[in-house]
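Student: 3D, please:
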Amino acid sequence: MELEEALPTFVAESKELLRDMEDSLLLIEERPDDTDLINAIFRAAHTIKGTAGLFGFDHVVRFTHAGESVLDRVRGGQLSVTPDLVALLLKVCDQLGVLIDLIAKGEQPDTAIQACSDGLAASLKAYLGAPASERAGTQGLPTVQEARVEREVAHDAVESNHWHISLRFGPDVLRNGMDPMSFLRFLNTFGRIVRIVTLTDDMPPADEMDPESCYLGFELDYQTDADKATIENAFEFVRDDSVVRILPPHSKIAEYQELIQNLPEEDMRLGEILVRCGTLTEEELKVALQLQAADDKVPPSPIGEVVVEQGLVRPSVVATALERQEQVRESRSSESRLIRVDAERLDGLINLIGELIIAGAGVNLIAKSVGAAELFEATATLSRLVEEVRDSALTLRMVPIGATFNRFQRVVHDVSKELGKDIELTISGAETELDKTVVEKIGDPLTHLVRNAMDHGIEPADVRRSRGKPERGSLKLNAFHDAGSIVIEVADDGAGFNKQRILEKALEKDLVKPDQALTDQEIYQLIFEPGFSTVEKVSNLSGRGVGMDVVRRNIQALRGGIELESEEGYGATVRIRLPLTLAIIDGFMVAVGDATYVVPLDMVMECIELAQDSETDYINLRGEVLPCIRLRDLFDVKGPVPRRENVVVVRHGAQRAGLVVDRLLGEFQTVIKPLGRLFSQTQGLGGFTILGSGQVGLILDVPGLIRQIVRIEEHDNAHLNHATSRA
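Tutor: I've put the predicted structure just below:
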């Protein structure tokens, strides 16, 4: 039951490790000698394999073991990092993701998925294959060297790059029906005996020999990818009456130390640490504990001293384990622990806080109507506390966008190879935070924009050379905060947008009229029309006119907008502007007739009184022309027009506009609720909220309103210029 409860954590942590593994693989192709990256990839695979084994997912263990073995060769310098190897390991990473997703769903791999795993495992094993000269003769018994009485010094043997096995068979091995040579032959089934020395110093004179007794011992240098426990199990039938000591190769010492340093921060005894990292087996630990219990010293010798004295573990490994113990103790006592919270619980908390805000607004209205000073003061304190709780809860939902950006390293790596282009991705602003819901929904639109920039924007190398550009194309992802919004930019140094080509396609599809005057921004926005594409040849990536309209629709569903900039021949920038959160905002309430509207407070710059009898769509704001729109006319609000109207000056990005309203009602904490399907396409509205009085307040879509105002302004200017040119 405990394992079942921990399964979601295993899935989540495995996906995080796979993302880290993929990021490191994408970097290692450019830095093949970076040992930190190599170790990071190995650690990720090793951790997934070990945890999967704990849950009994043997198919994941088998598949991961093949990749881990290859990575171990890379760490040991026996394999070089090549583009082909990186491509194979990326496929292994993808397949592990598929297997983890199946585990999350409670399903087993079907025949096709298992066949894919087997095929990748076979490709990995091909990298483990030794040259023919090394494979020859490994299945038979190795040639015994000249017999001599020789005792190997155990601690020196570990300095070689092979396992060292010291065997002292018990005298009754032959009587028990065991053949010492069979154990040596068995070792060759999963490894190779590189060197063997037969020890005969325990052999008595010929006339004193017992033909049924065994007097032989062996010192072996052994090469294998198996772990210590597997080697020890080869001698399971003679373990009780023989002495078997297995010393790791020199390269393994550093590995054990690294594994110890990367163990989870849990309170473990020294013996448990040594077993977990693989330098000590369960059986060896059991023997060491028995020796410790039989020790006459008071207090008995520490277990670390016992295993070192018995030659079971190197002193340096024991020292590393002791250091790790101390680090865990200090870390657990000084650092706060992180906990994982289910996203649905967090969403539930935000919803409850939203209801609390609505209820608090109702209490405030009652306090004002009653006029009791004590009640009004108490509700003010309550409102302040609710606001603090709201801010804290929203902070919990904020996540850096860097994780989303880093996924595009893989997209750029794969797509650039498919297109035959050399493209470099530069990421900046990865630490910028925004609501997790926005992060989850922005991934697909960004993927489409990145692919389009690589396919349509960045030219092939020969074209770039002819235009005096570097052969390597540049693609940039950037994020930053601006006036209560987050701005995400996708920029490339490619060919840019061809306005003439866009207009020709738009005329061909009857999206514009031949005599219609359009601004540059209106021309660029045509690429977001359904079915629009300027590409002559359809590719696997794009060219069918499907996708860009979905991108715009998804961005607008997040209450965001898209701006385009381009300089033909030098590149283009797609700029997405999104709200920081989709749940709760500070609003500014205004009234038009009997209707109440809410403007997001972070977009409000100032409020001014409109001059009487002003019917123009522009006002003079301290020497600057400010375009305005009357909400009464926009939403067809009935009722008498007040003598004095007000203008709320709002800003979205670099654009400003004025909203003409009847009355200003002040600040208000707003819980954003989505409009129903019937009203979802209504221009100028981004949602609704429940007011303290129980009435409905409509939340204005300021970016949409500004786009509408600017579009009217640019359209009028374009017509004026067109008329002037004709005159």
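Student: okay, the residue of the chain positioned farthest from its centre: pLDDT?
Tutor: Farthest-out residue of the chain from its mean C-alpha position, per Cα atoms, centre = their mean: Asp207, at 73.5 Å. If you check Asp207, the pLDDT there is 85.
Student: which phi and psi does Ala44 have?
Tutor: phi -60, psi -50 (degrees, to the nearest 10).
Student: That one contacts Leu17, correct?
Tutor: Yes. Counting by Cβ atoms under 8 Å, Ala44 touches Leu17, with 4.3 Å between them. For glycine as for every other residue, the C-beta is placed from the backbone atoms N, C-alpha and C.
Student: So which of those two has more stuff around it?
Tutor: Comparing Ala44 with Leu17 by other Cβ atoms under 10 Å, the one with more neighbours is Ala44, at 26 against 21.
Student: mind listing what the more buried one touches?
Tutor: Going by Cβ atoms under 8 Å, 6 or more residues apart in numbering, Ala44 touches 17-18, 20-21, 24.
Student: at 6 Å what do you get?
Tutor: Applying Cβ atoms under 6 Å, 6 or more residues apart in numbering to Ala44 gives the contacts 17, 20-21.
Student: Just put these in a markdown table and tack on distance to Gly496, pLDDT and secondary structure.
Tutor: Shown next, in a markdown table, are the contacts of Ala44 (distance: Cβ to Cβ, whole Å; pLDDT from 0 to 100; DSSP: H, G, I helix; E, B strand; the rest coil):
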| residue | distance to Gly496 | pLDDT | secondary structure |
| --- | --- | --- | --- |
| Leu17 | 40 | 88 | helix |
| Asp20 | 36 | 86 | helix |
| Met21 | 36 | 88 | helix |
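Student: so can I have CSV of those showing distance to Arg397?
Tutor: Listed next are the contacts of Ala44 as CSV, based on distance: Cβ to Cβ, whole Å:
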residue, distance to Arg397
Leu17, 24
Asp20, 23
Met21, 27
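Student: coming back round to it: how far away is the residue farthest from the centre of the chain from Gly639?
Tutor: Counting by Cβ to Cβ, to the nearest Å, the gap from Asp207 to Gly639 is 127 Å.
Student: What of Ile576?
Tutor: In this view, Ile576 and Gly639 are 38 Å apart by Cβ to Cβ.
Student: So those two - more neighbours on which side?
Tutor: Neighbours around Ile576 and Gly639, counted as other Cβ under 10 Å, are more numerous at Ile576. The numbers are 23 against 11.
Student: What is the helix or strand that contains that one packed up against?
Tutor: Assigned by DSSP states H and E, Ile576 falls within strand 571-579. Counting contacts by 3 or more Cβ pairs under 6 Å, 6 or more residues apart in numbering; DSSP states H and E, strand 571-579 is packed against strand 485-492, strand 561-567.
Student: Out of those strands, which one sits most buried?
Tutor: Mean neighbour counts were taken over the helices and strands packed on strand 571-579 using mean count of other Cβ atoms under 10 Å, and the top value, a mean of 22, falls to strand 485-492.
Student: which residues touch His413?
Tutor: By Cβ under 6 Å, 6+ apart, the neighbours of His413 are Leu26.
Student: doesn't it fall inside a helix?
Tutor: Yes. Membership of His413 in a helix is supported by DSSP: H, G, I helix; E, B strand; the rest coil.
Student: Use 36 as the first number for this chain going forward.
Tutor: Sure thing, new numbering starts at 36, so read that last one as His448.
Student: how close does it get to Thr439?
Tutor: Distance of His448 to Thr439, given as Cβ to Cβ: 16 Å.
Student: For the nearest residue to Arg274 once chain neighbours are set aside, report the pLDDT, please.
Tutor: Once flanking residues are discounted, Arg274 sits nearest to Glu318: 6.8 Å by Cβ to Cβ, 6 or more residues apart in numbering. We have a pLDDT of 75 for Glu318.
Student: Counting by contacts, list what the one helix or strand Glu318 maps to packs against.
Tutor: Using DSSP H and E, the element containing Glu318 is helix 317-328. Contacts defined by 3+ Cβ pairs under 6 Å, 6+ apart place helix 317-328 against helix 338-344.
Student: can I get the CA coordinates of the helix it packs on in PDB?
Tutor: Extracted C-alpha coordinates of helix 338-344, given in PDB (Å, rounded to 0.1, in the frame of the first residue of the first chain):
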ATOM      1  CA  ILE A 338      31.400  -1.400  11.200                       C
ATOM      2  CA  GLY A 339      33.500   0.800   9.000                       C
ATOM      3  CA  GLU A 340      36.700  -0.500  10.600                       C
ATOM      4  CA  VAL A 341      35.500  -4.100  10.300                       C
ATOM      5  CA  VAL A 342      34.800  -4.000   6.600                       C
ATOM      6  CA  VAL A 343      38.100  -2.300   5.900                       C
ATOM      7  CA  GLU A 344      40.100  -4.800   8.100                       C
END
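Student: Tell me which other helices or strands that helix touches.
Tutor: helix 305-312, helix 317-328, helix 350-369.
Student: buried residues in the shortest one?
Tutor: For helix 305-312, the neighbour count (16 or more other Cβ atoms under 10 Å) marks 305-306, 308-312 as buried.
Student: Between helix 350-369 and it, find me the angle.
Tutor: 110 degrees (axes from the mean of the first three to the mean of the last three Cα atoms, to 10 degrees).
Student: Tell me the helices and strands packed up against helix 305-312.
Tutor: Against helix 305-312 (3+ Cβ pairs under 6 Å, 6+ apart) you get helix 285-296, helix 338-344, helix 350-369.
Student: If you average pLDDT over each of these, which is lowest?
Tutor: The bottom spot among those, by mean pLDDT, belongs to helix 285-296, with a mean of 67.
Student: Comparing the helices and strands packed on helix 338-344, which stretch has the densest surroundings?
Tutor: Mean neighbours per residue, mean count of other Cβ under 10 Å, is largest over the helices and strands packed on helix 338-344 for helix 305-312, with a mean of 20.
Student: quick one: it to chain centroid distance?
Tutor: For helix 305-312, the gap between its own C-alpha mean and the chain's C-alpha mean amounts to 31 Å (Cα atoms, centre = their mean, to the nearest Å).
Student: now that helix and helix 317-328, what's the angle there?
Tutor: 170 degrees.
Student: care to break the chain down by domain?
Tutor: 37-164, 170-282, 302-371, 378-434, 444-614, 619-752 (automatic domain parsing).
Student: would CSV of the ones you listed with distance to Gln296 be doable?
Tutor: Converted to CSV, the domains of the chain look like this (distance: least, Cβ to Cβ, whole Å):
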stretch, distance to Gln296
domain 37-164, 10
domain 170-282, 18
domain 302-371, 6
domain 378-434, 28
domain 444-614, 27
domain 619-752, 43
